[in-house]
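1. Fold the stuff below for me.
(2 chains)
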Number of protein chains: 2
Amino acid sequence: MVLQRVGIIGGGQLAGMMASAAASLDLKITIQTPNSTDTAVALADHTIFAEIDDVAATAQLAEECDWITFENEFVDLVALSKIPGAVFRPPLNSLTSLLDKYDQRCFLQKLGLPVPKFCLGHDLTAADWQFPLVFKARRHGYDGQGTFIVRDAATLKTLQQQFPESGLIEEFVPFTCELAVMAARSITGEIAVYPVVETVQINQVCQRVYTAIELSQAVQTQLAEIACTILKNLDMVGIMGIEFFHTADGQVLVNELAPRTHNSGHLSIEACATSQFAQHLRAVSGKSLGDPSLTCGAAVMVNLLGYEESTSDYSAQRQQIAAIPGAHLHWYHKPEVRPGRKLGHVTVILETANRARLIELAEQIEAVWYPHEKI
Amino acid sequence: MVLQRVGIIGGGQLAGMMASAAASLDLKITIQTPNSTDTAVALADHTIFAEIDDVAATAQLAEECDWITFENEFVDLVALSKIPGAVFRPPLNSLTSLLDKYDQRCFLQKLGLPVPKFCLGHDLTAADWQFPLVFKARRHGYDGQGTFIVRDAATLKTLQQQFPESGLIEEFVPFTCELAVMAARSITGEIAVYPVVETVQINQVCQRVYTAIELSQAVQTQLAEIACTILKNLDMVGIMGIEFFHTADGQVLVNELAPRTHNSGHLSIEACATSQFAQHLRAVSGKSLGDPSLTCGAAVMVNLLGYEESTSDYSAQRQQIAAIPGAHLHWYHKPEVRPGRKLGHVTVILETANRARLIELAEQIEAVWYPHEKI
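-> Numbering: from 1, shown residues only, chains lettered A, B, ... in the order given. Coordinates of the predicted model:
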C-alpha cells in the first residue's frame, strides 16, 4: 500500500493536530512554515522551511504531496493558482468569496441567509447608522485583530481614513450568546455537520466552547441547514467553521466563516466519532466522511491562553488540570508565552450534564490556569 | 548654583520627554529601568538599571535624587512607603485611591462628580443591567489591556470567574466624543489647567488629539472646574490627565484619571507656553507653575503606531511627515516594532484652524504613515 501525502501551508497548532490525526488514515504530512519551533514541526513527517507566502516553496510542496490544504485562509489565491499540478483542497475557487469579509457577507446575503446589516467602510456617514457599530478590516483579521467597536463619529472617521477602501461596517448585534457549527464536505458532495456548540469569546478571542445541550432542536436544525447551504454553494471540499450570533428574540445571524479547522471544533477530538482534523483529512484525501456525532453526553473545551510574557511550560498547572476526571489536555509546546497567545486547550467529556455543570467545569479549569488576578 | 536631581521610575517615552525638558529647568534626571534600549536611557543624565518594582534600586534612586516621580502609576505603594528619606511627587497618598479602577470611581463619586454607572464585577447578575456593558480589570490595565465590551451573559459570567474579586463593571456610554484635560498642582496648591482637547481612541489606544476649538465655553469651564476639584482633593503634586466622555445630550462623565504625564498632553510641547513635561518637573521640584495656555490657534497630535513586526526606523515616512508645514515629529527610537506600539508622535501647530482642518491634517499624516491596507 502506498502512503499518500497531504501538504499543509502553516505550522501552528491546527496543522499540528491535523498531523496527529494523519497516521490512522494512512496519510503522511508535509508542512510549510518558516519557524522550526512551530507546534506542527515535531508532528509532521517532513517540513519545508519557508515563509507561508513563498510560492516557490509551495510549488515544491505540490511536487511532494498529493493534495495541499491550509492552516489558515489568508493566502494569495492568484499566486497559488499558477503552480502547475497543485491540487488544493479546499479548491481555490471555494476560498475566493471568503478572504474578504465584505465579499463574504455579500455571498451569504445572496444565498438569502441571515446576516448582520453591513456596508462598505467608506460608504457610511455617521448620520445613516446608529452607534455603536462594528468596523472591521476587510482582510487578514483574526482573533479580533482589525475589529473595532465604534461609539462616536470621530472614531468612525478616523477608521475610514486608516482603512480607505478596506473597511467593512456592521451593526453591533446585542446577542445573547454565540453559537458555532463545524461542517465538512467531501469531493462527492457528501456533507457531515457536527453538533452545535456555544462559544464564549472575550475581545474576539475564543475562551470556552460548550456542546449546546440546552439549545432547541429547531435552532439546531436551522444551523445545520444553513451550514449545508453554505458548503454546497462554495463547492467546499474539507471542513469549515461557521460562527453565529443568537439574539434575544431567537434569531440567528451568520457572523463569520472559516474555511478550515477551527477552535470551536477542538472538542470533536474526544467528544465526536470523527475529529474535525481527521474529517478534514478524509475530505482532502478524497475519502468518504466519518461520523460527526457525539460519543458522549456533553463536552466543554477551555483554551489555555497566555496571560504574561514568559518561557514557562506551566507544568504544575497542566498536571492539575489533566487530573480532572474526563479531561484531555493538549499542549502546543510554544517556546514563548505572550498574553493572549493560545498555549493549549483542555476538553472534558461527560456522560451526562446540563449547561450549568459545563460552566462549572470551565470555571474550575480557569481557576487553576489563571493567576488570581488576571492581567 | 547646585543642580537638583529628579528620579523617574520608568524609562519609556514619557520619561524621555521629561528628561528632555529638564535642562532648561536646571534639573538633572536619573531614571530607573531594566532596559538599556528604553527611550529615556539616552536622554537621562544617569540610569539605574533595575526592574521598575526593584525597591532596593528605588532606595538607591532616593539617595541620589531630591525627588522621585513616576512614569506610570502601577507601583507598589506599600513597598515604596518604607524607603527612608524618599520624597515622592506625586506623594504616595495622592495615588492611593487611583491605582484600582473601582476605588478611583468611588473617589470620584464621593466628590459628587459625574461618572458612568458602575459596580464591582462580582456584584452584578445579568438581570440587573442592560447589555452591552464594559468589564475592566481593576488594576494594571492601560491602552485597553483588561477592558472588555460584553454583549451577553455567558461572556459576563466567564469574566467574573476569570477576575473573581478584581473586576469592575461599567455602563457602556454611547459617547459622541472623548475629551481630556491635563492639569497640574504645585506644592503650594496652585493649579494650572491646560486647554481641553478632543481625543480619538481606537480600541482604547489613543490615535489623535485635537485642541477642542469648537467646544462650548460652558463645557470647557465645567471640565476645568472638575479638574481643580480632583487635584485639590487628591492633594496632588504634579501633572495629571483626566479623560471624559461627552454624550449626545451634552453631559460629560469622568472616564479615567492618570496621575502622570499623558498622551493627551503631548501637543503641549509645541502648542502651549509650558509643556506638560516641564510643568510636571516644575511641580515635582517645588517650583511655581508655568503658563499652560495655547501659544497658537490650534494643534493636532497624531500617534505613530506600529502596524507590523519590524526593526525598520521608517525614515522615509518620518521625513515626509516632518516636511508638513508646522509639523514637529518626535521619534522614540524603539528597537523593535510591534503592532500597536507607540513609536513616535507628530504635532502640527496652526495659527488659525477649524476642527475640519485639524481632522484633514491628521488624515494627511496617517495616509503617509500607514500602508494603504492597515493590518
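
2. Helix, strand or coil: sort out the nearest residue to A:Asp38 once chain neighbours are set aside for me.
-> Sequence neighbours aside, A:Gly11 is the residue nearest to A:Asp38 in space, at 3.4 Å (criterion: C-beta to C-beta, 6 or more residues apart in numbering or on different chains). In short, each C-beta sits where N, CA and C put it, glycine included. Judged by DSSP: H, G, I helix; E, B strand; the rest coil, the three-state class of A:Gly11 is coil.

3. contacting residues for A:Gly11?
-> A:31-33, A:35, A:38-41, A:44, A:47, A:71 (C-beta atoms under 8 Å, 6 or more residues apart in numbering or on different chains).

4. Which two of the residues you listed have the greatest separation?
-> A:Gln32 and A:Thr39 (14.1 Å; C-beta to C-beta).

5. residue ranges for the helices of the stretch 101-250 of chain A, please.
-> A:101-110, A:153-162, A:217-233 (DSSP state H, counting those that start in this stretch).

6. closest to A:Glu309 out of the ones you listed?
-> Nearest of the helices of the stretch 101-250 of chain A (C-beta to C-beta): helix A:153-162, 27.8 Å.

7. what comes into contact with that closest one?
-> A:121-122, A:124, A:126, A:131, A:133, A:135, A:148, A:150, A:167, B:176-178, B:198, B:200-202, B:207-208, B:359, B:362-363, B:366-367, B:370, B:374.

8. Tell me which residues of that helix come out buried.
-> Residues A:154-162 are the ones in helix A:153-162 that count as buried (16 or more other C-beta atoms under 10 Å in any protein chain shown).

9. Check stretch A:213-231 too.
-> Neighbour count says stretch A:213-231 has A:213, A:215, A:219-220, A:222-224, A:226-227, A:230-231 buried, by 16+ other C-beta under 10 Å.

10. pLDDT score assigned to the closest residue to A:Glu256 other than its chain neighbours?
-> In this structure, A:Glu256 finds its nearest non-sequential neighbour in A:Glu243, 4.8 Å apart by C-beta to C-beta, 6+ apart. On pLDDT, A:Glu243 comes in at 98.

11. Counting neighbours, what do you get for A:Glu243?
-> When neighbours are defined as other C-beta atoms under 10 Å in any protein chain shown, A:Glu243 has 19 of them.

12. what's it in contact with, if anything?
-> A:178-180, A:199, A:254-258, A:264.

13. Among these, which are located in strands?
-> Counting by DSSP state E, these place A:178-180, A:199, A:254-258 in strands.

14. nearest to chain B, of the residues you listed?
-> A:Glu178 (7.4 Å; C-beta to the nearest C-beta).

15. Now do the contacts for A:Ile9.
-> A:Ile9 makes contact with A:31-32, A:52, A:58, A:61, A:68-71, A:75, according to C-beta under 8 Å, 6+ apart.

16. what's the nearest residue to A:Phe245 if we skip its chain neighbours?
-> Spatial nearest neighbour of A:Phe245, chain neighbours left out: A:Phe175 (4.0 Å); criterion: C-beta to C-beta, 6+ apart.

17. show me the contacts for that neighbour.
-> By C-beta under 8 Å, 6+ apart, the residues touching A:Phe175 are A:245-248, A:253, B:151-152.

18. so, in contact with chain B or not, the strand or helix carrying A:Ile349?
-> A:Ile349 is part of strand A:342-350 when elements are defined by DSSP states H and E. No: counting by C-beta under 8 Å from any C-beta of the partner chain, chain B has no neighbours in strand A:342-350; the shortest distance is 15.0 Å.

19. Could you list the buried residues of that strand?
-> A:342-350.

20. who does it touch, helix- and strand-wise?
-> helix A:268-271, strand A:298-305, helix A:315-322, strand A:327-331, helix A:355-369 (3 or more C-beta pairs under 8 Å, 6 or more residues apart in numbering or on different chains; DSSP states H and E).

21. hmm, 7 Å instead?
-> Helices and strands touching strand A:342-350, by 3 or more C-beta pairs under 7 Å, 6 or more residues apart in numbering or on different chains; DSSP states H and E, are helix A:268-271, strand A:298-305, strand A:327-331.

22. I'd like the mean pLDDT over the first one, please.
-> I take that to be helix A:268-271. Per-residue scores along helix A:268-271 average to 98.

23. could the helices and strands packed on strand A:342-350 go into TSV alongside mean neighbour count and distance to chain B?
-> Converted to TSV, the helices and strands packed on strand A:342-350 look like this (neighbours: other C-beta atoms under 10 Å in any protein chain shown; distance: least, C-beta to the nearest C-beta, whole Å):
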stretch	mean neighbour count	distance to chain B
helix A:268-271	24	19
strand A:298-305	26	10
strand A:327-331	18	17
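
24. Mind jotting down where the strands sit in the stretch 1-150 of chain A?
-> A:4-9, A:27-33, A:46-49, A:67-70, A:118-120, A:133-137, A:147-150 (DSSP state E, counting those that start in this stretch).

25. Turn those strands into TSV, including distance to B:Arg5 and mean pLDDT.
-> Below are the strands of the stretch 1-150 of chain A laid out as TSV (distance: least, C-beta to C-beta, whole Å; pLDDT from 0 to 100):
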stretch	distance to B:Arg5	mean pLDDT
strand A:4-9	57	98
strand A:27-33	52	98
strand A:46-49	53	98
strand A:67-70	59	98
strand A:118-120	56	93
strand A:133-137	47	92
strand A:147-150	44	91
